[in-house]
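Asks: got a predicted model here, sequence first, then my questions.
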Amino acid sequence: MTEDALSSAIDIFLKDMRSGRGRSGHTTVNYAVDLSQFAEYVSGLGVETPGGVETTHIRGFLRDVVGFGYARSSAARKLSAIKSWLRFLQERGEISRNPAGGLRGPKLPSRLPRAISREEMNLLLEKGTEGNEAPRDLAVLELMYGSGLRIAETAALRWDQVDLAERWIRVLGKGEKERLVPMGRFSVRALESWRDVSGPGSDFVFPGAEGGAVTVRTLHRVVRRAAARAGLSGVTPHVLRHSFATHMLEGGANLRVLQELLGHESLVTTQKYLKITAEQMRRSYTLAHPRAGNGDENDEGNDDPLRSKK
């Protein structure tokens, strides 16, 4: 048994990557390592040619990679390398099918979007809107951040769902489930200004073409454009929603209240969604636990470590 046929097929693929597939040099180096490891693995199983590679071989390789201690992201990259290699060979007619075609990589841990700071949020709201569309754009930003609305919920919002006097929004969320969400005074002010400018004619708060609702793509552009004007990067509609939740949590909001505001089915979802800062955790512990104190020597021997300091 030999790896020569496998190695030769890998070398041809890598040469093609370097010459014309638009891959970076870093990617090519990583793929070379990944495919070399795979060739060694399947060769040990008695596979001598690319045509002998089966789906079970690829699954076993990925399982061993993760079991050996590689990160799931590394295993996913190795699968991508194998898929690309076998697809290349199939396009050349050297194999009749791609045994990796229907495989999915290991599930990667979900990453939370970052929350921008309160100062950055103020900058976005103050500097991010200008021109004829400024009233609409400000209303969009205030709703997404001020009430934590999803982008689709914002796009589909109708005037009959908004009570400006009482500062409530009746949101139709995922699964057609309704929830009541409060508005702050800045959101109310922005919506009133937008209504005065837009005038009657549409049931939707943010109308799009031909009287329908504005598209989600348009709202994405509103947020990206505002962030660019404010000199901020990486700000998306979901970042605004995450910032709403994070700032609420830092301000002492109850997690179950946040669950209702965000429209989550399960509290577990809310817990995964929110990022509790180290400072928030420390402050909550210090205030809540009867023996936490604040680390001062003067606390020793006192019955109430949470007493007020003068």
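Replies: Thanks, I have it.

Asks: alpha carbons only: can I get stretch 179-187 in CSV?
Replies: Taking Å, rounded to 0.1, in the frame of the first residue of the first chain, the C-alpha atoms of stretch 179-187 are listed here in CSV:
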residue,chain,number,x,y,z
ARG,A,179,-45.6,40.5,22.8
LEU,A,180,-45.8,44.0,24.3
VAL,A,181,-42.6,46.0,24.4
PRO,A,182,-42.2,49.4,25.9
MET,A,183,-40.7,52.4,24.2
GLY,A,184,-38.4,55.1,25.6
ARG,A,185,-39.1,58.8,25.2
PHE,A,186,-36.4,59.1,22.5
SER,A,187,-38.1,56.4,20.4
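
Asks: so what touches it?
Replies: With CB atoms under 8 Å, 6 or more residues apart in numbering as the test, stretch 179-187 has contacts from 125, 139, 142-143, 146-149, 162, 164, 167-171, 173, 191, 260-261, 263. Bear in mind the C-beta positions are built from the backbone N, C-alpha and C, glycine included.

Asks: of those, just the buried ones, ChimeraX syntax please.
Replies: This is the ChimeraX syntax for the buried subset of the contacts of stretch 179-187, where burial follows 16 or more other CB atoms under 10 Å:
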select :125,139,142,143,146,147,148,149,162,169,171,173,191,261,263
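
Asks: which members of the contacts of stretch 179-187 are positioned in strands?
Replies: Counted as lying in strands by DSSP state E, out of these, are 162, 168-171.

Asks: tell me the one of the residues you listed nearest residue 153?
Replies: Among the ones in strands among the contacts of stretch 179-187, residue 171 lies closest to residue 153 (CB to CB), at 5.3 Å.

Asks: which pLDDT value goes with the closest one?
Replies: What the model reports for residue 171 is a pLDDT of 91.

Asks: for it, what are its contacts?
Replies: If you count contacts by CB under 8 Å, 6+ apart, then residue 171 has 149, 153, 157, 161, 178-181, 263 around it.

Asks: quick check, residue 50 in contact with residue 89.
Replies: Yes - counting by CB atoms under 8 Å, residue 89 is a contact partner of residue 50 at 5.4 Å.

Asks: what's the overlap in contacts for those two?
Replies: The contact sets of residue 50 and residue 89 overlap at 9, 95 (CB under 8 Å, 6+ apart).

Asks: any low-confidence regions in the stretch 151-300 of the chain?
Replies: By pLDDT under 70, the low-scoring segments of the stretch 151-300 of the chain are 269, 272-300.

Asks: can you pick the most crowded of the contacts of residue 171?
Replies: Counting neighbours by other CB atoms under 10 Å, the top entry in those is residue 149, with 27 neighbours.

Asks: unless I'm mixing things up, that residue is touching residue 143, no?
Replies: Yes - taking CB under 8 Å as the definition, residue 149 is a contact partner of residue 143 at 5.4 Å.

Asks: okay, and the common contacts of the two?
Replies: Both residue 149 and residue 143 are in contact with 157, 169, where contact means CB under 8 Å, 6+ apart.

Asks: please, where are all the strands along the stretch 1-150 of the chain?
Replies: Applying DSSP state E, counting those that start in this stretch to the stretch 1-150 of the chain gives no strands.

Asks: and the gap between residue 96 and residue 248?
Replies: Distance of residue 96 to residue 248, given as CB to CB, to the nearest Å: 57 Å.

Asks: for residue 138, that is, sorry about that
Replies: Distance, residue 138 to residue 248, by CB to CB: 21 Å.

Asks: list the contacts of the nearest residue to residue 65 once chain neighbours are set aside.
Replies: Nearest residue to residue 65 in three dimensions, chain neighbours excluded: residue 75, at 4.8 Å (CB to CB, 6 or more residues apart in numbering). Applying CB under 8 Å, 6+ apart to residue 75 gives the contacts 62, 65-66, 105-106.

Asks: what does stretch 220-237 rub up against?
Replies: Under CB under 8 Å, 6+ apart, the answer for stretch 220-237 is 113-114, 116, 120, 123-124, 126-130, 133, 136-137, 140-141, 144, 150-151, 154, 219, 240.
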